[in-house]
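Chemist: Sharing a sequence plus its predicted fold:
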Number of protein chains: 2
Amino acid sequence: MDIELDDIDLQILDLMQENARISNVDLAKQLSMAPSAVLERVKKLEQKKVILQYKTAINPLALNQRLLAFIFIKTKELESDAKIASTLAKIPEVQEVHIVAGEDCFLVKVRTEDSASLMALMRKEIKKVPNIISTKTTIVLETVKEQQQLVIRKN
Amino acid sequence: MDIELDDIDLQILDLMQENARISNVDLAKQLSMAPSAVLERVKKLEQKKVILQYKTAINPLALNQRLLAFIFIKTKELESDAKIASTLAKIPEVQEVHIVAGEDCFLVKVRTEDSASLMALMRKEIKKVPNIISTKTTIVLETVKEQQQLVIRKN
DNA sequence: AAAGATTCCGAATAATATTCTGAAAATAAT
DNA sequence: ATTATTTTCAGAATATTATTCGGAATCTTT
């Protein structure tokens, strides 16, 4: 990542991070710049893959997704790590797959309707992945904060 | 959540989830509807809090945030749970705070520049929260998948 | 079946995005 | 230092999109 971001870029990212649908005109106003100049910067940020995606956060309850869980997965060997990981990643209910340090190998975040559908998912999808030794599931009772916004420090 | 979402709503959510900046005109085209009708639905989804926010996903590496960790926190009693949780939630580097089942009480997701800044954060912020008995930190070596998109099943 | 509410379309208008040219500023080269 | 080169910006022109609104169609309720 050989990218230089100046203060204006950081301000743009800061504003857009919280509101991806802010208009170019508004952005320009906040930055005291011309819309055309701001647009140029935004396009460049997209092109440089600093901006990865514009996402809409949907209320999980509106889609009846009430259960959130973290599953630690222990596997046999280090060799097939990448394959196991990508197999897990393909499951739509799986929101995150991390390879972690320590005796557990993978940490997986899953969102489903309820505990019954989590069990079904475990049985039908996760436990069928080869080379899994054991799983340890942590159920979330309540989520107090959930975002992926980054801390942006302006100069 | 007493919300009825029909198939068109689900399609809108499905499209916007992946691209929050899709234009109303494009949305309308994909749904074979008039832009005005689609706009009305989107506004309604915002109002009903089905749509929570439009976010821009920024590449963490571009902001030099290379370390991701999950911290399990064990606390004294159940009483002050909410307070501890909201204290943790106020830390900007903390992306997620969950109250979980099991002996560990909280699961916290943190993103920082490097291990040094994680240590600093632990010392200066997290361990200063009252009533914490112990913490157990899991360092992420590699993230294979990370999103919060929900599974949308159309009827 | 009638009344009421909701959803949709289409046209008009308002606002915004986008493109382009040239000037200014920053950077690099001589 | 001075000149070239590149980058960034502003402002105007144009293209595209968002938004509003009236009325028709559809669906719900009574």
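Modeler: Sure thing, it's come through.
Chemist: So what's the residue count around A:M122?
Modeler: Using other CB atoms under 10 Å in any protein chain shown, A:M122 is surrounded by 17 other residues. In this view, the C-beta of every residue, glycine as well, is placed from N, C-alpha and C.
Chemist: Would you mind measuring from it to B:K145?
Modeler: 18 Å (CB to CB, to the nearest Å).
Chemist: longest strand in chain A, by residue count?
Modeler: In chain A, taking DSSP state E as the definition, the longest strand is strand A:132-146.
Chemist: Strands of chain A, start to end?
Modeler: Using DSSP E, strands in chain A cover A:51-58, A:67-75, A:94-100, A:106-112, A:132-146.
Chemist: for the second one, which positions count as buried?
Modeler: For strand A:67-75, the buried set under the neighbour-count rule, 16 or more other CB atoms under 10 Å in any protein chain shown, comprises A:L67, A:L68, A:A69, A:F70, A:I71, A:F72, A:I73, A:T75.
Chemist: what are the bridge partners for the fifth one, then?
Modeler: According to DSSP bridges, the residues that bridge with A:I71 are A:V108, A:T137.
Chemist: Now do the same contact list for it.
Modeler: Contact partners of A:I71, counting by CB atoms under 8 Å, 6 or more residues apart in numbering or on different chains, are A:L107, A:V108, A:K109, A:V110, A:M122, A:I126, A:T135, A:K136, A:T137, A:T138.
Chemist: Likewise for the first one?
Modeler: Counting by CB under 8 Å, 6+ apart, A:L67 makes contact with A:R111, A:T112, A:E113, A:D114, A:S115, A:S117, A:L118, A:I139, A:V140.
Chemist: go with 7 Å
Modeler: A:L67 sits next to A:R111, A:T112, A:E113, A:D114, A:S115, A:L118 when contact means CB atoms under 7 Å, 6 or more residues apart in numbering or on different chains.
Chemist: among these, who's most crowded?
Modeler: Neighbour-wise, those (other CB under 10 Å) top out at A:R111, 23 neighbours.
Chemist: Off-centre distance for the one helix or strand in chain A whose mean pLDDT sits lowest?
Modeler: Within chain A, no helix or strand scores below helix A:81-89, which has a mean of 92 by mean pLDDT, DSSP states H and E. In terms of CA atoms, centre = their mean, to the nearest Å, the centre of helix A:81-89 is found 16 Å from the chain centre.
Chemist: The nearest residue to A:E96 once chain neighbours are set aside and A:V25: what is the separation?
Modeler: Nearest non-adjacent residue to A:E96, counting by CB to CB, 6 or more residues apart in numbering or on different chains: A:K109, 3.8 Å away. Between A:K109 and A:V25 the distance, using CB to CB, works out to 37 Å.
Chemist: Give the burial count for A:A82, as a bare number.
Modeler: Count around A:A82 with other CB under 10 Å applied: 11.
Chemist: Can you give me the distance of it to DNA strand C?
Modeler: 37 Å (CB to the nearest atom of the strand, to the nearest Å).
Chemist: Give me the nearest residue to that residue, chain neighbours excluded.
Modeler: Nearest residue to A:A82, sequence neighbours excluded (CB to CB, 6+ apart): B:V144, at 8.0 Å.
Chemist: surely that neighbour meets A:K83?
Modeler: No - in this structure B:V144 lies outside contact range of A:K83 using CB atoms under 7 Å: 10.7 Å.
Chemist: With neighbour numbers in mind, choose between these two.
Modeler: The neighbour comparison of B:V144 against A:K83 (other CB under 10 Å) goes to B:V144, with 20 against 12.
Chemist: Contact residues of chain A facing DNA strand D?
Modeler: A:I8, A:S32, A:M33, A:A34, A:P35, A:S36, A:A37, A:E40, A:R41, A:K44 (CB under 7 Å from any atom of the strand).
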